[in-house]
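Novice: structure for the following, please:
(2 chains)
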Number of protein chains: 2
Amino acid sequence: MKFSVQRTAFIKYLTDVQRAISSKVTLEILRNIKLDLFSDGLTLTGSNADISIETIISIADEDANLQIFEEGSVALPARFFSEIVKKLPADTITIETDPNRFITKITSGSTEFSINGVDPDSFPHLPEVGATQSLQIPSDILKQVINQTVMAVSKQESRPMLMGVHLIIQDGTLLAVATDSHRLSQRKIQLDSAKDANYNIIVPGKSLDELAKMLTDSSEEIEIQIAENQILFILGHTSFYSRLLEGNYPDTERLIPATSETQVEFNASELLKAIDRASLLSHAGRSNVVKLSIDVDKQTVMISSNSPEVGMVEEALEFTNLNGNSLEISFNPDYMKEALRSFGQTQTTLSFTMALRPFTLVPTESEGDFVQLITPMRTAN
Amino acid sequence: MKFSVQRTAFIKYLTDVQRAISSKVTLEILRNIKLDLFSDGLTLTGSNADISIETIISIADEDANLQIFEEGSVALPARFFSEIVKKLPADTITIETDPNRFITKITSGSTEFSINGVDPDSFPHLPEVGATQSLQIPSDILKQVINQTVMAVSKQESRPMLMGVHLIIQDGTLLAVATDSHRLSQRKIQLDSAKDANYNIIVPGKSLDELAKMLTDSSEEIEIQIAENQILFILGHTSFYSRLLEGNYPDTERLIPATSETQVEFNASELLKAIDRASLLSHAGRSNVVKLSIDVDKQTVMISSNSPEVGMVEEALEFTNLNGNSLEISFNPDYMKEALRSFGQTQTTLSFTMALRPFTLVPTESEGDFVQLITPMRTAN
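Specialist: Below you'll find the model as predicted:
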């Protein structure tokens, strides 16, 4: 194998594939990146137990200016190889592998590295998705759906299926739900390309976290293919594979209250700052709880937290449209902060039923396509 | 105690004092910051075993707009207090302490914190320096002297005095030296304010690291007072105290070779990049060694590193003015990288005597006021 390539373009492709590569992986070969040089391009592949990423540098990519001298394959230690490429001195690098011993020469300017490679045949094959159907979704929308749900995914390995986002595709809509049983986030979108599609799958939260980092804020269409135990996202020249989680996701529809007794509207980012201040105190204390005190007659909303060992905090909140019954409710401020961060600068309506029943946050303008739910806490104060 | 102050100005003063405060300190009271409110200003004090910092917010500081309502003192948990101040909503904050129980109310906008303070009398007193003499040195020069020597300070607690920078002030010059016995850095400057001064002290490297972060790149004069076991730096409204290390610093003068057999000149930042590349390989291998091969007849300088388990690297270096004998010499690239970083963009002359003798790096233009020395390593390659 021998080729030359423009260094900065090559680094971009490398960076994408490296998202799949972890130094913590137990299977030694997966610490490597696989390079396959064909007559019309170079394929880079990285993988861990959950995710595989494959990207193709085509000879048609003018920025990359790929010059192919001799086809072939090799697997190279991923982190070491990428550090070398990043620090090489010249615009162009040349890579040449001895096909018998896999020793690989990397030259750029007057620098020559010679590093020990590995037989590429020992690298596991990518999963075959072989789906008959494919869906399309704009990159920016997919990124939003992921970022609005993935924070509610459970970190507890005791209930593995809660470590994923539940995706239900039917009747031309995509419903994404995640819950760790303390809070829940649900987002619904129209998906015109999915008129006849019918899927019910659980995608690991960690996979979606990595995918979101690769998604641009453009309307470029991302293709999705789903098979029995794999999902494949195609982003231009890059294929992102994730395994699916097995099991039946709990029925979350019934958790979201249909009616409420108290409603109040906030600017999401102002409320976030106030919760953030109150959480300074709750974090310093023993129990991480803040209290919202809503007085409909006086038209006041107070947030407070009290930890005898450190002190207390109280703040009058600004709001609009307070209706319904007065109420005191306590909750973990960190769940509220993560929920509010996903709303950005919008107006947000909080709806409550009772002090110990879950309450919801929705963007005031949303018409029900995005809802966050938080379970309150009992408190002695 | 009760005062109000402009919040962003107050944060700057707080940040300076917090450099002295460590959450790792064993003496509980030192996790606090002390506030003393007098008729003409507010003093903030922080301390750990090695460093104490005191800063005065004067009523004359218009940006701070300090309003004094009632004099008094309190000690407050430093990190918690500073996090609160940073996140408060309004431009002004008001702080009021109950003199009997030290509970302190912090108000800003519609937010009110009430936190548990501590008796300020339990806070240790600052050292009395009581020097009869003081020196002046411009802030940017002092910062440079520290940054050019402190990297060579030892991290090994086995020889505590090597954990400091040796300062010798005599005959109107300041000589600063640090060595960890593998490398040495020495900087000499004229100090006109020290014509009659005569000091020989060791200042802890960690203290100087913190001090350097507070020094600006301006020519503002810093005042220095030295007592038997303390040094005091006065930076405008802020006093920075450090304890001195006890013991006799080794005689380092004789370590610096007076003559050399081989000299070669590099651009410091280009050489740094090449060493950095070669160190990628030496770090991945078992022994962290790179080799410089100087051939005077061929007029070539090669850098290389070889670790059979990972591979090898070789690079032809650009240089000017190569004179003397040919030579092969091996060394730890990390010492060389730290030395070169302190040179910036200048031309740097490397001077060698023999393969196993220490070699020096000096800025080509320096006339001997800055020298770095590195001890080579034996290598099998």
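Novice: the helices in the stretch 1-150 of chain A, which residues?
Specialist: Assigned by DSSP state H, counting those that start in this stretch, the stretch 1-150 of chain A shows helices spanning A:7-18, A:78-87, A:139-149.
Novice: quick one: closest of the ones you listed to chain B.
Specialist: Nearest of those to chain B, taken as Cβ to the nearest Cβ: helix A:78-87 at 4.9 Å. Every C-beta, even on glycine, is put in place using the N, C-alpha and C of the backbone.
Novice: buried ones in the closest one, by neighbour count?
Specialist: Residues A:78, A:80-82, A:84-85, A:87 are the ones in helix A:78-87 that count as buried (16 or more other Cβ atoms under 10 Å in any protein chain shown).
Novice: related to what we said a few turns ago, the helices of the stretch 1-150 of chain A: which one's closest to B:Ser342?
Specialist: Closest approach to B:Ser342 among those (Cβ to Cβ): helix A:78-87, 20.4 Å.
Novice: could you dump that closest one to PDB, C-alpha only?
Specialist: Output of helix A:78-87 as PDB, limited to C-alpha atoms (Å, rounded to 0.1, in the frame of the first residue of the first chain):
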ATOM      1  CA  ALA A  78      -5.000   4.800  16.100                       C
ATOM      2  CA  ARG A  79      -4.000   7.400  18.700                       C
ATOM      3  CA  PHE A  80      -0.300   7.200  17.900                       C
ATOM      4  CA  PHE A  81      -0.900   7.400  14.200                       C
ATOM      5  CA  SER A  82      -3.200  10.400  14.500                       C
ATOM      6  CA  GLU A  83      -0.800  12.200  16.800                       C
ATOM      7  CA  ILE A  84       2.000  11.700  14.300                       C
ATOM      8  CA  VAL A  85      -0.200  13.000  11.400                       C
ATOM      9  CA  LYS A  86      -1.200  16.100  13.400                       C
ATOM     10  CA  LYS A  87       2.400  17.100  14.100                       C
END
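Novice: quick check: angle from that helix to helix A:7-18?
Specialist: Using axes from the mean of the first three to the mean of the last three Cα atoms, to 10 degrees, the inter-axis angle of helix A:78-87 relative to helix A:7-18 is 160 degrees.
Novice: which residues touch helix A:78-87?
Specialist: A:7, A:10-11, A:14-15, A:18, A:21, A:23, A:31-33, A:46, A:93, A:106, A:113, A:115, B:273, B:276-277, B:280, B:284, B:310 (Cβ atoms under 8 Å, 6 or more residues apart in numbering or on different chains).
Novice: which among those residues end up buried?
Specialist: Among the contacts of helix A:78-87, those buried by neighbour count (16+ other Cβ under 10 Å) are A:7, A:10, A:14, A:18, A:21, A:31-33, A:46, A:93, A:106, A:113, A:115, B:273, B:276-277, B:280, B:284, B:310.
Novice: the residues you listed in strands, which ones?
Specialist: Taking DSSP state E as the definition of strands, the buried ones among the contacts of helix A:78-87 contribute A:32-33, A:46, A:93, A:106, A:113, A:115.
Novice: show the pLDDT at A:Lys24.
Specialist: pLDDT, A:Lys24: 87.
Novice: let me see the backbone angles for it.
Specialist: Per-residue torsions, A:Lys24: phi -90, psi -10 (degrees, to the nearest 10).
Novice: returning to that earlier point: of the helices of the stretch 1-150 of chain A, which is nearest B:Phe319?
Specialist: Closest to B:Phe319 of the helices of the stretch 1-150 of chain A, according to Cβ to Cβ: helix A:78-87, at 19.8 Å.
Novice: what is the mean pLDDT for that closest one?
Specialist: 97.
Novice: which residue, neighbours along the chain excluded, lies closest to the residue of the stretch 1-150 of chain A found nearest chain B?
Specialist: Closest contact between the stretch 1-150 of chain A and chain B, by Cβ to the nearest Cβ, is at A:Ile115 (3.6 Å). Once flanking residues are discounted, A:Ile115 sits nearest to B:Gly311: 3.6 Å by Cβ to Cβ, 6 or more residues apart in numbering or on different chains.
Novice: widest-spaced pair of the ones in strands among the buried ones among the contacts of helix A:78-87?
Specialist: Using Cβ to Cβ, the pair of these lying farthest apart is A:Gly46 and A:Phe113, separated by 20.0 Å.
Novice: show me where the stretch 251-381 of chain A has strands.
Specialist: For the stretch 251-381 of chain A, applying DSSP state E, counting those that start in this stretch gives strands covering A:262-267, A:290-295, A:300-307, A:311-316, A:320-324, A:327-331, A:347-352, A:359-363, A:370-374.
Novice: for the residue of the stretch 201-350 of chain A found nearest chain B, list each beta-bridge partner.
Specialist: Closest approach between the stretch 201-350 of chain A and chain B, counting by Cβ to the nearest Cβ: A:Gly311, at 3.6 Å. Going by DSSP bridges, A:Gly311 is paired in beta bridges with A:Ser307, B:Ile115.
Novice: now A:Gly41
Specialist: Going by DSSP bridges, A:Gly41 forms beta bridges with A:Ser58.
Novice: is it true that it touches A:Ala64?
Specialist: No - with contact defined as Cβ atoms under 8 Å, A:Gly41 does not count as touching A:Ala64 (9.3 Å).
Novice: anything in contact with each of those two?
Specialist: A:57-58.
Novice: what does chain A put close to chain B?
Specialist: A:77, A:80, A:83-84, A:87-89, A:103, A:110-116, A:273-274, A:276-277, A:280-281, A:284, A:309-317 (Cβ under 8 Å from any Cβ of the partner chain).
Novice: I'd guessed A:Trp272 sits against A:Leu340; true?
Specialist: Heads up, residue A:272 is Leu, not Trp. Yes - A:Leu272 is within contact range of A:Leu340, at 4.1 Å (criterion: Cβ under 8 Å).
Novice: which one of the ones in strands among the buried ones among the contacts of helix A:78-87 is nearest to A:Thr346?
Specialist: A:Gly46 (37.2 Å).
Novice: dump the residue contacts of that closest one.
Specialist: A:17-21, A:30, A:33-34, A:52-53, A:78.
Novice: out of those, which two sit at the greatest distance?
Specialist: A:Arg19 and A:Lys34, at 14.9 Å, using Cβ to Cβ across the contacts of A:Gly46.
Novice: with neighbour numbers in mind, choose between these two.
Specialist: A direct count of neighbours by other Cβ atoms under 10 Å in any protein chain shown for A:Arg19 and A:Lys34 places A:Lys34 higher, at 26 against 18.
Novice: check contacts around that one.
Specialist: Applying Cβ under 8 Å, 6+ apart, the residues near A:Lys34 are A:43-46, A:73-75, A:120, A:123.
Novice: got CSV for the residues you listed, with pLDDT too?
Specialist: Output for the contacts of A:Lys34, formatted as CSV (pLDDT from 0 to 100):
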residue, pLDDT
A:Thr43, 98
A:Leu44, 98
A:Thr45, 97
A:Gly46, 97
A:Ser73, 97
A:Val74, 97
A:Ala75, 97
A:Pro120, 95
A:Phe123, 94
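Novice: which among those count as buried?
Specialist: Members of the contacts of A:Lys34 classed as buried by 16+ other Cβ under 10 Å are A:43-46, A:73-75, A:120, A:123.
Novice: read off the pLDDT value for A:Asp196.
Specialist: 86.
Novice: quick check: closest non-adjacent residue to it.
Specialist: Of all residues not flanking A:Asp196 in the chain, A:Gln133 sits nearest, at 7.7 Å (Cβ to Cβ, 6+ apart).
Novice: give me the number of residues near that neighbour?
Specialist: 13.
Novice: report the central residue of chain A.
Specialist: The residue lying closest to the centre of chain A (Cα atoms, centre = their mean) is A:Asp209, at 2.1 Å.
Novice: winner for burial among the strands of the stretch 251-381 of chain A?
Specialist: Of these, the one with the most neighbours on average (mean count of other Cβ atoms under 10 Å in any protein chain shown) is strand A:370-374, at a mean of 23.
Novice: tilt between that strand and helix A:139-149?
Specialist: Going by the same axes, to 10 degrees, strand A:370-374 makes 20 degrees with helix A:139-149.
Novice: understood, closing this out.
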